[in-house]
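A.B. asks: Below are the sequence and a predicted model; questions follow.
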Amino acid sequence: MRLNRNNVLAGLLALGCFGGLAACGPATDGGGTVGGRLTVVTTIYPMAYFASRIAGGDADVHSLVGPGAEAHGFEPTAADVRRLASADLVVANGLKLEPWLERALAALGGDGPAVVVETAALDVTQQVEDPRAVDPHVWLDPVLAMAQVGRVLAAFEAVDSEHAAAYRTRTSDLLGDLEALDVAFASGLRSCGRGTFVTTHAAYGHLAGRYGLEQVAIAGLTPEAQPSARELADLTKQVTAMGLGYVLVEPSLSARLAQTVAAESGLELLPIHQLESATAEELAEHGDYLGLMRANLASLSVALECAA
């Protein structure tokens, strides 16, 4: 079944769905906040965007990983740990994207947040034997992002039932925006001259799979997973033989390897945004998650030679 806003919300209503939630600290009394306004801490930008859209004016949302910071290698400061300790709710991506979060929460013991939710549960992605091979970049697929939003809503309701109706209304609006984004991608990538694109690192597998495309990645799932000189030479030969015209480069990451491949293969560079470490410049230019995703669609349309 293809997700849309109606069956995401209906599923939560039918199941009382709080899957993926973990209680860490002192529980609230029947799903209310302690001391008034809800305090929400998120890990990366997409989680902050989803949480902020749902929260509206009923909760304070703070993201630990700031603009331009890299989530895989992030290390929380003492102030970050204190913020985690005082949170009512922590919203994370999961799938090993934030290994530092588990360590920080463990260090807090029973003094941590009331609820932690990992939104990218394994049931929305491919099961593989090696967990390091699981692509955590779920938010780049608008349909899987809808499932993530459903989990965030469930978490909000678990800790603050008083504002549940308002949270559901805002979630419905957000899911509608994600539905429209999915339609735009499906329509924009339907009639293309090519089905393969080259990227800086392998963050776009879910997006590619959703719309029947194939990504060729210079680096692995993390920016640290760099190719050897031999692998880079082989990749350059492969890309040259395919006759592709562009390499999609993330502004927040080093473009050195992409520039090497582009120079030796005669390709041009186009921007693409993986959003987990969206820079202040990216957000200023494109506005928010939806704007960055539409910019990705525009770049993919050029790289894949799609009909206007």
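C.D. replies: In hand now; what should we look at?
A.B. asks: Assess the claim that residue 216 and residue 238 are in contact.
C.D. replies: Yes - taking contacts as CB atoms under 8 Å, residue 216 lies within contact range of residue 238: 7.0 Å. All C-beta atoms are positioned from the backbone trio N, CA, C, and that covers glycine.
A.B. asks: Surely residue 94 and residue 118 touch.
C.D. replies: Yes - counting by CB under 8 Å, residue 94 does reach residue 118; the two are 3.0 Å apart.
A.B. asks: just to revisit the earlier point, just want to know which of residue 216 and residue 238 has more residues nearby.
C.D. replies: residue 216 (17 against 14; other CB atoms under 10 Å).
A.B. asks: mind checking the SS state of that one?
C.D. replies: Under DSSP: H, G, I helix; E, B strand; the rest coil, residue 216 falls in the strand class.
A.B. asks: got a list of what the closest residue to it other than its chain neighbours touches?
C.D. replies: The spatial neighbour of residue 216 that comes closest, neighbours along the chain excluded (CB to CB, 6 or more residues apart in numbering), is residue 198 at 4.7 Å. Neighbouring residues of residue 198 by CB atoms under 8 Å, 6 or more residues apart in numbering: 215, 216, 217, 218, 239, 244, 246, 247, 248, 261, 267, 303.
A.B. asks: what pairs with the closest residue in space to residue 204 that isn't next to it in sequence across the strands?
C.D. replies: Nearest non-adjacent residue to residue 204, counting by CB to CB, 6+ apart: residue 215, 4.8 Å away. Assessed by DSSP bridges, residue 215 has beta-bridge partners residue 197.
A.B. asks: For residue 215, which residues are in contact?
C.D. replies: By CB under 8 Å, 6+ apart, the residues touching residue 215 are 196, 197, 198, 199, 202, 204, 205, 207, 208.
A.B. asks: Go ahead and build a ChimeraX selection from the buried members of those residues.
C.D. replies: The ChimeraX command for the buried members of the contacts of residue 215 (criterion: 16 or more other CB atoms under 10 Å) is given here:
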select :197,198,199,202,204,205,207,208
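A.B. asks: Surely residue 255 touches residue 200?
C.D. replies: Yes - between residue 255 and residue 200 there is a contact at 7.1 Å, judged by CB under 8 Å.
A.B. asks: Neighbour count: the two, which is higher?
C.D. replies: residue 200 (26 against 15).
A.B. asks: quick check, that one in a helix?
C.D. replies: No - checked against three-state DSSP, residue 200 lies outside a helix; its state is strand.
A.B. asks: For it, list the residues it contacts.
C.D. replies: 217, 218, 219, 247, 248, 249, 250, 253, 255, 257, 258, 272.
A.B. asks: same deal with residue 277?
C.D. replies: Counting by CB under 8 Å, 6+ apart, residue 277 has contacts 44, 45, 65, 67, 68, 69, 70, 71, 252, 253.
A.B. asks: can you give me phi and psi for the last one?
C.D. replies: I take that to be residue 253. Note on residue 253: its backbone torsions stand at phi -120, psi 160 [degrees, to the nearest 10].
A.B. asks: count of neighbours near it?
C.D. replies: For residue 253, using other CB under 10 Å, the count is 17.
A.B. asks: again with the fifth one
C.D. replies: Burial of residue 68 is recorded as 15 neighbouring residues (other CB under 10 Å).
A.B. asks: follow-up on the earlier one: joint contacts of residue 255 and residue 200?
C.D. replies: Both residue 255 and residue 200 are contacted by residue 249, under the criterion CB under 8 Å, 6+ apart.
A.B. asks: If you count contacts, what does the biggest helix by length in the chain end up packed against?
C.D. replies: Using DSSP state H, we find that the single longest helix of the chain is helix 164-188. Here helix 164-188 touches helix 5-15, helix 45-55, helix 142-159, helix 205-210, helix 289-303, going by 3 or more CB pairs under 8 Å, 6 or more residues apart in numbering; DSSP states H and E.
A.B. asks: Good, wrapping up.
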